[in-house]
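J.: Give me a 3D structure for the following:
(one chain, ligands or ions: 1)
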Amino acid sequence: MTANFYAAVADSIDAGPDRIFLETDDDRTYTRADLARESARFARMMIETGAVRGDRIAVQVDKSPACLFLYLGCLRAGLVYLPLNTAYQRSELTYFLDDAQPRIVVCKPGSFDLMRELCAGHAQVLTLDEEGRGSLADAAAVLPDEFETVDSGPDDIAVILYTSGTTGRSKGAMVTHRNLLSNARALVDCWGFSERDVLLHALPVFHIHGLFVANHCALLSGARLLWHRKFDPALVVRDLARATVMMGVPTFYTRLLAQPKFDREICRNMRLFISGSAPLLLETFKEFQTRSGQTILERYGMSEAGMICSNPLGGERRGGSVGFPLPGVTVRIADEKDRPLPRGEVGGIQVKGENVFAGYWHMPEKTREEFTADGYFRTGDVGTFDTDGYVSIVGRAKDLIISGGYNVYPKEIELALDALPGVAESAVIGIPHPDFGEAVAAVVVARKAARLDPAALIAELKKNFANYKVPKRIYLVEGLPRNAMGKVQKALLRERYSK
Ligand code: AMP
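T.: Below you'll find the model as predicted:
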């Protein structure tokens with residue numbers, strides 16, 4: 001039996017080919033049969049272009065239904081889909097294209113010349129715009145709309161996801177068909193997806209969250225997608241009443257709360273709001289509950305391991321926690337020597353299961369380094385299990401501050417700062433210090449109209465924390481720098497304030 005992820009999708013298409021699968025924000029609709037036909041044409045097109053199993057297809061395009069069909073076409077043809085963040089510029093693209101050596105590059109029409117130059121004849125460059133037009137679509141349109149999905153082994157690579165890599169070289173995480181299917185099935189089950197669901201999809205599709213988590217839940221369960229080309233809070237408010245589930249990064253939720261029209265009435269058909277990719281502020285969690293009557297379900301995952309933990313659909317969803325390990329996923333908290341720690345202690349989050357990727361592309365050394373002797377993947381996140389088995393994330397290991405030999409977990413201080421009057425949010429970082437090695441510093445955003453005094457904030461923290469944990473300096477800023485997935489770019493802050 002094939003392990004090709006698309007085979008599982010095909011089963012759900014057969015169960016209702018004429019059902020609408022996707023509806024765009026400008027009222028175009030696609031049935032499940034359309035999805036089968038369009039992905040078949042793309043699969044054929046790439047094979048006719050000379051791509052063979054295992055070849056990489058690099059894609060840097062604006063979000064469109066066509067690029068979802070292209071993704072599925074790659075899986076069907078046994079090709080390796082390689083999505084690239086639309087924000088990447090020349091130097092970043094040079095690295096990725098050189099590293100991955102794709103056979104085909106699909107780009108926006110406006111990037112055609114640049115891509116041709118960067119590929120220097122090694123790859124065929126085709127275009128696809130946000131309306132689904134371009135040389136790729138033209139060539140595919142004339143081809144037959146049937147394609148026999150190739151038999152893939154469970155360990156065949158389906159996708160390479162380059163990690164967002166805030167430090168060092170970005171690494172290509174090789175994700176297999178087995179990884180995709182096991183994780184998607186676990187999520188459909190845990191989050192209770194069914195064909196009655198309508199999923200509002202406003203996430204980018206070059207990242208695991210929008211590409212796998214959202215699409216796969218809909219593809220396997222028969223749910224419908226309300227497809228927004230980008231996150232526009234006003235548009236979300238317009239469409240929410242027609243949706244039952246929404247997935248977002250925390251910034252989506254803070255921006256929704258800033259919409260005066262966002263209320264309970266609009267959420268009347270919603271059964272689930274899911275947040276992930278970055279920590280959800282406790283305050284957002286609470287405010288969202290008050291405004292909408294809905295409790296956001298926070299989950300935790302990463303490119304290398306898919307989804308790892310989730311708050312429960314049925315039980316208590318706890319703010320500030322990412323819930324329990326998903327079925328089939330084993331999570332442990334370990335010390336520096338990979339020894340499991342008891343509940344309540346803080347350590348490295350390690351994970352094992354069918355969800356864990358096959359390694360980093362062309363980096364066997366790096367791959368070995370990230371796995372323990374007994375086969376756990378070191379996520380690089382630091383966290384803890386509480387007595388009820390809920391997991392909380394304290395931060396990234398590389399964000400850990402060691403000041404005068406003492407460990408400071410930034411999250412502990414950030415939570416305390418955020419709770420002070422007038423503070424909207426904060427990021428705690430380590431900056432070089434001649435005496436302590438590193439000193440704690442905080443970058444703080446004030447609430448609208450609030451006037452903050454750094455010295456007063458420091459004095460407040462001193463009441464509750466050991467001195468080494470208290471920021472030596474507090475910088476007031478208008479906003480924190482974030483990447484496309486809403487993650488605070490701490491490396492950038494460290495660089496900025498280390499001078
Ligand atoms: P990426 O591979 O780009 O999805 O980034 C994965 C990283 O995002 C994880 O290793 C975590 O550091 C972070 N992350 C994802 N979900 C959460 C969450 N719910 N809370 C805190 N951090 C998260």
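J.: May I have the lengthiest helix in the chain as CSV, with CA atoms only?
T.: Ordering each helix of the chain by length in residues (DSSP state H) puts helix 32-48 first. Taking Å, rounded to 0.1, in the frame of the first residue of the first chain, the C-alpha atoms of helix 32-48 are listed here in CSV:
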residue,chain,number,x,y,z
ARG,A,32,-12.8,18.4,-4.3
ALA,A,33,-12.8,17.1,-7.8
ASP,A,34,-11.3,20.4,-9.0
LEU,A,35,-8.5,19.8,-6.6
ALA,A,36,-7.9,16.3,-7.9
ARG,A,37,-7.9,17.6,-11.5
GLU,A,38,-5.7,20.7,-10.9
SER,A,39,-3.1,18.8,-8.9
ALA,A,40,-3.0,16.1,-11.6
ARG,A,41,-2.2,18.7,-14.3
PHE,A,42,0.6,20.1,-12.2
ALA,A,43,2.0,16.7,-11.4
ARG,A,44,2.1,15.9,-15.2
MET,A,45,3.5,19.2,-16.1
MET,A,46,6.5,18.8,-13.7
ILE,A,47,7.1,15.2,-14.9
GLU,A,48,7.0,16.5,-18.5
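J.: Next one, pLDDT for the residue sitting furthest away from the middle of the chain please.
T.: Centroid-distance maximum for the chain: D435 at 38.3 Å, with Cα atoms, centre = their mean. In this model, D435 is scored at 77, pLDDT.
J.: What average pLDDT does stretch 449-456 get?
T.: Throughout stretch 449-456, pLDDT has a mean value of 95.
J.: tell me which residues in the helix or strand bottoming out on mean pLDDT in the chain are buried?
T.: For the chain, using mean pLDDT, DSSP states H and E, the weakest element among its helices and strands is strand 406-408, scoring a mean of 83. By neighbour count with 16 or more other Cβ atoms under 10 Å, strand 406-408 contains the buried residues V408. In short, each C-beta sits where N, CA and C put it, glycine included.
J.: Output the helix or strand just after that strand as CSV, nothing but the C-alphas.
T.: Past strand 406-408, further along toward the C-terminus, the next helix or strand under DSSP states H and E is helix 410-418. Presented in CSV, the C-alpha positions along helix 410-418 are these (Å, rounded to 0.1, in the frame of the first residue of the first chain):
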residue,chain,number,x,y,z
PRO,A,410,13.4,35.1,29.9
LYS,A,411,9.7,34.0,30.0
GLU,A,412,9.6,34.3,33.8
ILE,A,413,10.6,38.0,33.7
GLU,A,414,8.5,38.7,30.6
LEU,A,415,5.4,37.4,32.4
ALA,A,416,6.1,39.6,35.4
LEU,A,417,6.8,42.7,33.3
ASP,A,418,3.7,42.1,31.2
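J.: Determine how far helix 410-418 lies from the middle of the whole chain.
T.: From the chain centre to the centre of helix 410-418 is a distance of 23 Å (Cα atoms, centre = their mean, to the nearest Å).
J.: centroid residue for this protein?
T.: Among the residues of the chain, the smallest C-alpha distance to the mean C-alpha position (Cα atoms, centre = their mean) belongs to H209, namely 3.7 Å.
J.: before we move on, what SS does that residue have?
T.: For H209, the reduced secondary structure class is helix; criterion used: DSSP: H, G, I helix; E, B strand; the rest coil.
J.: In contact with it, which residues?
T.: 203, 247, 249, 276-277, 301, 485 (Cβ atoms under 8 Å, 6 or more residues apart in numbering).
J.: how about a cut-off of 6 Å?
T.: H209 is in contact with 203, 277, counting by Cβ atoms under 6 Å, 6 or more residues apart in numbering.
J.: count of neighbours near the closest residue to A241 other than its chain neighbours?
T.: Distance criterion Cβ to Cβ, 6 or more residues apart in numbering; nearest residue to A241, sequence neighbours excluded, is I266 at 5.5 Å. I266 is flanked by 19 other residues according to other Cβ atoms under 10 Å.
J.: now swap in E265 and tell me
T.: Here the count is done by other Cβ under 10 Å, and E265 has 11 residues near it.
J.: State the pLDDT value of the nearest residue to it once chain neighbours are set aside.
T.: Of all residues beyond its chain neighbours, the one nearest E265 is A241 (7.8 Å), with distances taken as Cβ to Cβ, 6+ apart. Per-residue confidence (pLDDT) for A241: 97.
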